[in-house]
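Novice: Pasting a predicted model and its sequence here:
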Amino acid sequence: MKKKYDIMIVGNGVAGLFAAMHLPKEKEIVMITKGKMEESDSFLAQGGICVLKNEEDYVDYFEDTLRAGHYENNRKSVDIMIRSSQDIIRELVNCGVEFERNHGDFVFTREGGHTDYRILYHEDLTGKEITSKLLERVKEMPNVTLYTHTTMVDILENDNTCYGVVVEGSDGVVRKVYADYTLWTCGGIGGLYQHSTNFPHLTGDALAISLRHSIELQNIDYVQIHPTTLYSKKPGRRFLISESVRGEGAVLLDRNGERFVDELLPRDLLTEKIRQKMEEDGTEYVMLSLRKMSPEDIIKRFPNIYQYCLKEEGYDITKEPIPVVPAQHYFMGGVKVDFEGRTSMKRLYAAGETACNGVHGANRLASNSLLESLVWAKRAALDIAKQYEPIDIGWCEGIFCDECFPMKPYEDCRKDYHDSVRGKIEEEHRKRE
């Protein structure tokens, strides 16, 4: 890895990839990820991506987002996201992303909290379809270098300005990497939880570094629990049973096989109902039945979920209900950013699940996550291009010399990082209570 790049992107999900595509082509960009290239939560998104279908849909889409967020959303952010959605979809299609169509026209589905069908999808692997196609485009860009198994340990900061990142490479060497601008797109906090749909290496490191450098955070106690993940006694990441399954008519059943709830409630409300029923029944899960769909439709619409349940847990979802349980899923809070993705620190931007622009409020509306990530990634990239001024690497070398800036490997920082994030989330939660 070189000592200096023009732009450093930490994270390789849809936000990082889309940002790289919108940054100036003459700039040298480096992207790092803590795991493998395919180990971002963007790859795991099953349901779909929202889009404003037409002007008549604007009021309802806006209201659905606010209602799901308990009206704590930043309304300007919501407007920006919705108004940007059609352009984002056009760009994705131009990148080769394939959404479900019928005779050439988009097919829409519906999920919890939505009053209309406005979600585009690709089977039950929408996130993988979008992320893999964006990754293909980025790999074609000669100005972008990608590093896997490379971890952000700290940032290079002086006088509330970011001059780059301290990284630990796959070789175990800790390095200072200078950059004119740094963009955090490093995902959520699921790795801090025992039961989560997230990859375990996503542990909120950007939040810990923010606490260390007094970078503003926002709503970090707003953690979304997904109501339906596949119940399993196996350790590790929980397998998501997409909201789209319920959007297509699946029903939730108690231990007596009776339906007990409106399956299309917003996620936080549905989670509460499921937990109440589990407590009443004395069970560790409830059952999800796709009995309203034909076996052929189930396999065509949800091939990944069908195969996983059958091969990994022995459930045939075309013939029997499956056990589901709530698990940590999404982080609505994060590093506070403005409408252009700027953090409170100069030369440092953030987008995706790492960032909080207020669009989700207290609870994310289903399938707004991919859209929001793409919208703010593009806005951040365009703002970097607009503001661009190079740093003086000679000055940086003097400020961040080895004697005055000792560096530790990530393993030495990990416990402190994780404890600081957990503690801050709990502190903010107590304040709100």
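Specialist: Noted; the coordinates are in hand. Numbers count the residues shown, from 1 in each chain.
Novice: Tell me who's in contact with the residue most central in space within the chain.
Specialist: Centroid-nearest residue in the chain: Glu353, 4.2 Å away (criterion: CA atoms, centre = their mean). Residues near Glu353 by CB atoms under 8 Å, 6 or more residues apart in numbering: Gly13, Ala15, Asp41, Gly187, Gly188, Tyr330, Phe331, Gly334, Ser369, Ser373. C-betas here are computed from N, CA, C, even on glycine.
Novice: so where do the helices sit in the stretch 1-150 of the chain?
Specialist: For the stretch 1-150 of the chain, applying DSSP state H, counting those that start in this stretch gives helices covering 14-22, 58-68, 75-94, 126-139.
Novice: Show me the one of the ones you listed that comes nearest Leu230.
Specialist: Among the helices of the stretch 1-150 of the chain, helix 126-139 comes nearest to Leu230, with 17.1 Å by CB to CB.
Novice: how far out from the middle of the chain is that closest one?
Specialist: Its chain's C-alpha centre and that of helix 126-139 lie 15 Å apart, by CA atoms, centre = their mean, to the nearest Å.
Novice: Could I get the buried residue list for stretch 141-161?
Specialist: Across stretch 141-161, burial judged by 16 or more other CB atoms under 10 Å covers 143-144, 146-148, 150-157.
Novice: again with stretch 312-331
Specialist: Judged by neighbour count (16+ other CB under 10 Å), stretch 312-331 contains these buried residues: 315, 317-318, 321-331.
Novice: Looking at the residues you listed, spot the one nearest Val78.
Specialist: Proximity of the buried residues of stretch 312-331 to Val78 (CB to CB) peaks at Tyr330, which lies at 16.7 Å.
Novice: what's the spacing between that closest one and Cys356?
Specialist: 12 Å (CB to CB, to the nearest Å).
Novice: ok, and the most crowded of the contacts of Glu353?
Specialist: Ala15 (35 neighbours; other CB atoms under 10 Å).
Novice: Leaving out sequence neighbours, find the closest residue to that one.
Specialist: Gly352 (3.2 Å; CB to CB, 6 or more residues apart in numbering).
Novice: do Lys273 as well
Specialist: Nearest residue to Lys273 in three dimensions, chain neighbours excluded: Val261, at 4.6 Å (CB to CB, 6+ apart).
Novice: Within the helices and strands, which one has the one you found?
Specialist: Following DSSP states H and E, there is no helix or strand that holds Val261.
Novice: ok, now which ones touch it?
Specialist: Contacts of Val261 (CB under 8 Å, 6+ apart): Leu252, Leu270, Lys273, Ile274, Lys277.
Novice: now, the most widely separated pair of those?
Specialist: Leu270 and Lys277 (10.6 Å).
Novice: who has more neighbours, the two?
Specialist: Counted by other CB under 10 Å, Leu270 and Lys277 do not tie: Leu270 has more neighbours, with 24 against 19.
Novice: so that one sits in a helix?
Specialist: Yes - looking at Leu270 with DSSP: H, G, I helix; E, B strand; the rest coil, it is inside a helix.
Novice: which one of the contacts of Glu353 sits closest to Ile220?
Specialist: Gly334 (6.8 Å).
Novice: I figured that closest one hits Glu216, correct?
Specialist: No - Gly334 is beyond contact range of Glu216, at 10.4 Å (criterion: CB atoms under 8 Å).
Novice: Dump the buried residues of stretch 141-161 into JSON lines; add distance to Asp281 and pLDDT as well.
Specialist: Converted to JSON lines, these look like this (distance: CB to CB, whole Å; pLDDT from 0 to 100):
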{"residue": "Asn143", "distance to Asp281": "57", "pLDDT": "98"}
{"residue": "Val144", "distance to Asp281": "52", "pLDDT": "98"}
{"residue": "Leu146", "distance to Asp281": "48", "pLDDT": "97"}
{"residue": "Tyr147", "distance to Asp281": "49", "pLDDT": "97"}
{"residue": "Thr148", "distance to Asp281": "44", "pLDDT": "96"}
{"residue": "Thr150", "distance to Asp281": "47", "pLDDT": "97"}
{"residue": "Thr151", "distance to Asp281": "43", "pLDDT": "97"}
{"residue": "Met152", "distance to Asp281": "44", "pLDDT": "97"}
{"residue": "Val153", "distance to Asp281": "46", "pLDDT": "96"}
{"residue": "Asp154", "distance to Asp281": "48", "pLDDT": "96"}
{"residue": "Ile155", "distance to Asp281": "49", "pLDDT": "96"}
{"residue": "Leu156", "distance to Asp281": "54", "pLDDT": "96"}
{"residue": "Glu157", "distance to Asp281": "52", "pLDDT": "96"}
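Novice: any idea how far Gly358 is from Arg75?
Specialist: Distance from Arg75 to Gly358, by CB to CB: 9 Å.
Novice: same thing with Glu157?
Specialist: Taking CB to CB, one finds Glu157 at 25 Å from Gly358.
Novice: same question, Thr318
Specialist: If you go by CB to CB, the gap between Thr318 and Gly358 works out to 42 Å.
Novice: repeat for Cys413
Specialist: Cys413 is 29 Å from Gly358, by CB to CB.
Novice: Pull the contacting residues for the residue nearest to Ser40 when sequence neighbours are not counted.
Specialist: Nearest non-adjacent residue to Ser40, counting by CB to CB, 6+ apart: Gly13, 3.7 Å away. Applying CB under 8 Å, 6+ apart, we find Gly13 in contact with Ser40, Asp41, Ser42, Phe43, Thr131, Thr185, Gly187, Gly352, Glu353, Ser373.
Novice: Closest one to Gln86 out of these, please.
Specialist: Of all the contacts of Gly13, Ser373 has the smallest distance to Gln86: 16.5 Å, by CB to CB.
Novice: by contact count, what packs against the helix or strand containing that closest one?
Specialist: Under the criterion of DSSP H and E, Ser373 resides in helix 369-387. Secondary-structure packing of helix 369-387 (3 or more CB pairs under 8 Å, 6 or more residues apart in numbering; DSSP states H and E): helix 14-22, strand 49-50, helix 75-94, helix 126-139, strand 174-184, strand 348-350.
Novice: buried sites along it?
Specialist: 369-384.
Novice: now stretch 163-180
Specialist: 163-169, 174-180.
Novice: can you check stretch 396-409 too?
Specialist: Cys396, Phe400, Met407.
Novice: Equivalent analysis for stretch 266-281, please.
Specialist: Pro266, Arg267, Asp268, Leu269, Leu270, Thr271, Lys273, Ile274, Lys277, Met278.
Novice: Return the residues in contact with the closest residue to Ile89 other than its chain neighbours.
Specialist: Counting by CB to CB, 6+ apart, Val51 is the residue found nearest to Ile89 once chain neighbours are left out, at 5.1 Å. For Val51, the contacting residues are Ser85, Gln86, Ile88, Ile89, Arg118, Ile119, Leu120, Leu371, by CB under 8 Å, 6+ apart.
Novice: That'll do, ta.
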